[in-house]
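Participant: Predicted structure and sequence below. I'll ask about it afterward.
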Amino acid sequence: MAAIFHNDWAELLNAELEQPYYREMRTQLAQQYRTTTIYPNMHHIYNALHYTSFENTRVVILGQDPYHGANQAHGLSFSVQPGVRIPPSLQNIYEELANDLGCTPPAHGYLASWAKQGVLLLNAVLTVRAGSAGSHQGLGWERFTDRIIEVLNEREQPIVFILWGKHAQDKASRIDRSRHHLIASPHPSPYSADRGFFGSKPFSRANAFLRSIGSEEIDWQLPMTAEQLER
């Protein structure tokens, strides 16, 4: 099997790739990618870990599973590639970001600038069948992302964990709150955003914690156009 990770995640996660559950999941995924439409592209599944190394992770934004529409998911939770219409959940994130920090919503939904600053944009489940939200829950991804949370939790340098939605919050028991900072709220989906996501101020709260430990804040203001983005 070709190497998946080319940064410091390799030494932390390569053993997990040899676990029987992961091998079984990989076999099932290979079959599904051959016979049906699965998102994201198989080469983008681990983009969250490619964009944000273990050492550089300062904030984790944990979602549920990837977008299930065409050309949306590309391996960063809540993000879509330049030129793709901004999904409703991300529109709500932008609204909360504007109300929280006064950031101007950009004309795109590409969140790579957050990832490059140390925001790990991770979903609890890393793949999905086209048009079928939650279709890969129970396939094995939850165990794999549990391991990611566990190794982050073991790190001495504190991290901010932002957990949006029930599936993300299922990971809370794996986080040592005496060391790390946890921010939990309902999912930004239009179905739940009014039940506590709006007004939760996750971005300013994350930066306040980072300041308190002497870490650099995240610049949550995204570049305004795709032309300004670092590819």
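Facilitator: Structure received.
Participant: Which parts of the chain are strands?
Facilitator: 38-39, 59-63, 119-123, 128-129, 160-164, 181-185 (DSSP state E).
Participant: Select the longest helix from this protein.
Facilitator: Ordering each helix of the chain by length in residues (DSSP state H) puts helix 20-35 first.
Participant: Which secondary structure elements does that one sit against?
Facilitator: Counting contacts by 3 or more CB pairs under 8 Å, 6 or more residues apart in numbering; DSSP states H and E, helix 20-35 packs against helix 141-153. Where C-beta positions appear, they are placed from N, C-alpha and C, glycine not excepted.
Participant: Show me which residues of the helix it packs on are buried.
Facilitator: 141, 142, 144, 145, 147, 148, 149, 152, 153 (16 or more other CB atoms under 10 Å).
Participant: Show me which of those residues is closest to residue 16.
Facilitator: residue 147 (5.1 Å; CB to CB).
Participant: Next up, the contacts around the closest residue to that closest one other than its chain neighbours.
Facilitator: Nearest residue to residue 147, sequence neighbours excluded (CB to CB, 6 or more residues apart in numbering): residue 16, at 5.1 Å. Residues in contact with residue 16 (CB atoms under 8 Å, 6 or more residues apart in numbering) are 22, 144, 147.
Participant: follow-up on the earlier one: reformat the strands of the chain as a markdown table; add mean neighbour count, mean pLDDT and distance to residue 27.
Facilitator: Shown next, in a markdown table, are the strands of the chain (neighbours: other CB atoms under 10 Å; pLDDT from 0 to 100; distance: least, CB to CB, whole Å):
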| stretch | mean neighbour count | mean pLDDT | distance to residue 27 |
| --- | --- | --- | --- |
| strand 38-39 | 22 | 98 | 14 |
| strand 59-63 | 26 | 97 | 26 |
| strand 119-123 | 25 | 98 | 21 |
| strand 128-129 | 21 | 97 | 16 |
| strand 160-164 | 25 | 97 | 30 |
| strand 181-185 | 19 | 97 | 34 |
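Participant: Tell me which of the ones you listed sits nearest to residue 113.
Facilitator: strand 119-123 (9.0 Å).
Participant: name the helices or strands packed onto the closest one?
Facilitator: helix 47-51, strand 59-63, helix 141-153.
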